[in-house]
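*Asks:* got a predicted structure here, sequence first:
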Amino acid sequence: MIVLRHKKTTEHVKRDFASIFLKAVGIVIFASILAFSYNNFSDRGISLKGSWSNKILSDSLIVPHSYQKGDPQAITLSEAMMEFQSSNTIFLDARLEFDYKQGHIKGALNLPYEEFDEFYPKIAPKIPKDKTILAYCDGTECELSLLLARVLRDEGYQHLKVFFGGWAEWEKAGLPIDKGENP
Amino acid sequence: MWRNLKSIINSQYTILFFRLILGGIFIYASLDKIAHPEQFAQIVYNYKILPHSLINIFTIVMPWVELICGIFVIGGIFVESSSAILSLLLVSFIIALSANFLRGLDMNCGCFSTDPQGKKEGAILLIRDFFLLAIGLQIFFGNSRFATLTSVFNRLFNKPRNSEVVRMNDA
C-alpha cells in the first residue's frame, strides 16, 4: 500500500514538459503582441527594419549606418594620405588610450571619444580651430571617429574630416605608424 | 552540512526569494529598454551578433518578454514556463557576451579593442548572468507552488492540487 502510494506521488510530480513549452510559446506571443502594439502607438517607436548596414558612398568610401547628411566630410585612404602630407592637418585617434598606445597613425593625438571630458582640456591647446582636424578610429565598423567629430563640431571646429577606414586600413597599407603615449 | 544547504536552497521560502530577485531584476531591466528603444537598438547593434534585419524586431520584442516573464515569475503565473524563458534568455546573453569577450569586442562602442578595462566589465556581466541563470534554473526545477497566483486561483475555483489529493487520500 505504501509502495503504491509512493508510486502515485512520483507520477504526480512528473512534469508535463509539452505543456510548459506550449505555455512558454503563448507567453512569447502575448509579449510580442503587446510589444508591437506599444511600439506602434508610442511616439518613441522604431521602424521594424532599421538601416544598420554600412552605406557605400563610392567604390572606395564606405561609411557607418549612422552617417548622415551634414556630418563632417568622410574621406578615403588616399585622401587621408594626402592630408598626412599637409602640415595644416592634425590627426586625432578617437579610440581608447590602451589601443592608441599599442599603435596609431604617426603624429596622431589621442582624444578618446568615451573619455572626451577628461582628455579634451589637455588636447585642446594642441588643436587650434583654424587647422583641419582628421578623426579616425578602428575601422569602418567603428563609429567613435564620427561621434568625436560631431562633438568637436559642437565645440566650434569647422574644418573636420573623418577617415572611416581608420587604423585597420592605414596599418594594412603599411603607412607610417607609431606606438606609445600622447606626445 | 550539504544536506542542510540543499534543504535551504530547495525551501519554498528561498524559491520565493529567488523569484522576487529574478523577476525584479528583469522587470527593472526591461523598463529602461522599453522607454528608450533607439538606445537599446544601438546596444544590440554593438554586440554585432544578430543580422541587421533582426535588430529592430529583437529590440521591440525582447524587453516585453522580459517584462511579462518578470511579472509572471514574481506573481506566480506560469512560473515554470516564465523561468524557463528567462533562463534561455540568460543562456543567450552568456553566449553573446562570451563570444564578444573572445573576439575582443568592446560592447560600449561596438568596436574592437584590447583594453583590459572592457574585458573586466564583460567579466562582471558574465558572472552576474551565471548567477541569475542559477537562480532561474532553481526556480524552474524547484517547481514550488508556494505563494503563487496559480495556487490561489486553484483554491478559489476549488480545483485541488495533486499533492492535496494525495494528502486527502492519506487522511
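*Replies:* Alright, I've got the coordinates.

*Asks:* close to chain A, is the longest helix along chain B?
*Replies:* Longest helix in chain B by number of residues (criterion: DSSP state H): helix B:116-142. Yes - Helix B:116-142 comes into contact with chain A (C-beta under 8 Å from any C-beta of the partner chain), by way of B:116, B:117, B:118. C-beta here means a position set from N, CA and C on the backbone, and glycine is covered the same way.

*Asks:* now the residues you listed as TSV including distance to residue A:57, neighbour count and pLDDT?
*Replies:* Putting those into TSV (distance: C-beta to C-beta, whole Å; neighbours: other C-beta atoms under 10 Å in any protein chain shown; pLDDT from 0 to 100) gives the following:
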residue	distance to residue A:57	neighbour count	pLDDT
B:116	35	9	72
B:117	34	13	72
B:118	30	22	74
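
*Asks:* flag every buried residue along the longest helix of chain B.
*Replies:* B:118, B:122, B:129, B:132, B:133, B:135, B:136, B:137, B:138, B:139, B:140, B:142 (16 or more other C-beta atoms under 10 Å in any protein chain shown).

*Asks:* how about the second one, nearest residue that isn't a chain neighbour?
*Replies:* Which is residue B:122. residue B:101 (4.9 Å; C-beta to C-beta, 6 or more residues apart in numbering or on different chains).

*Asks:* for the strand or helix carrying that neighbour, the distance to its chain's centre please.
*Replies:* Assigned by DSSP states H and E, residue B:101 belongs to helix B:79-103. Helix B:79-103 sits 8 Å away from the centroid of its parent chain (C-alpha atoms, centre = their mean, to the nearest Å).

*Asks:* likewise for stretch A:169-183?
*Replies:* For stretch A:169-183, the distance to the chain centre is 21 Å (C-alpha atoms, centre = their mean).

*Asks:* residues contacting the most centrally placed residue in chain B?
*Replies:* Nearest to the mean C-alpha position of chain B, by C-alpha atoms, centre = their mean, lies residue B:86 at 3.3 Å. Listed by C-beta atoms under 8 Å, 6 or more residues apart in numbering or on different chains, the contact set of residue B:86 reads B:22, B:26, B:66, B:69, B:70, B:73, B:132, B:136.

*Asks:* please report the distance of it from chain A.
*Replies:* Applying C-beta to the nearest C-beta, to the nearest Å, the value for residue B:86 to chain A is 10 Å.

*Asks:* tell me the pLDDT at that residue?
*Replies:* As predicted, residue B:86 sits at a pLDDT of 97.

*Asks:* now the one 5 residues further on
*Replies:* As predicted, residue B:91 sits at a pLDDT of 97.

*Asks:* from chain A, how far out is the closest residue to it other than its chain neighbours?
*Replies:* Using C-beta to C-beta, 6+ apart and skipping residues adjacent in sequence, the residue nearest residue B:91 is residue B:133, 6.6 Å away. According to C-beta to the nearest C-beta, residue B:133 and chain A sit 16 Å apart.

*Asks:* right, and residue B:133 touches residue B:92 too?
*Replies:* No - using C-beta atoms under 8 Å, residue B:133 makes no contact with residue B:92, being 10.6 Å away.

*Asks:* still on that earlier bit, any chance of the buried residues of helix B:116-142 in TSV, with distance to residue B:150 too?
*Replies:* Output for those, formatted as TSV (distance: C-beta to C-beta, whole Å):
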residue	distance to residue B:150
B:118	43
B:122	38
B:129	27
B:132	23
B:133	23
B:135	20
B:136	18
B:137	20
B:138	18
B:139	14
B:140	15
B:142	14
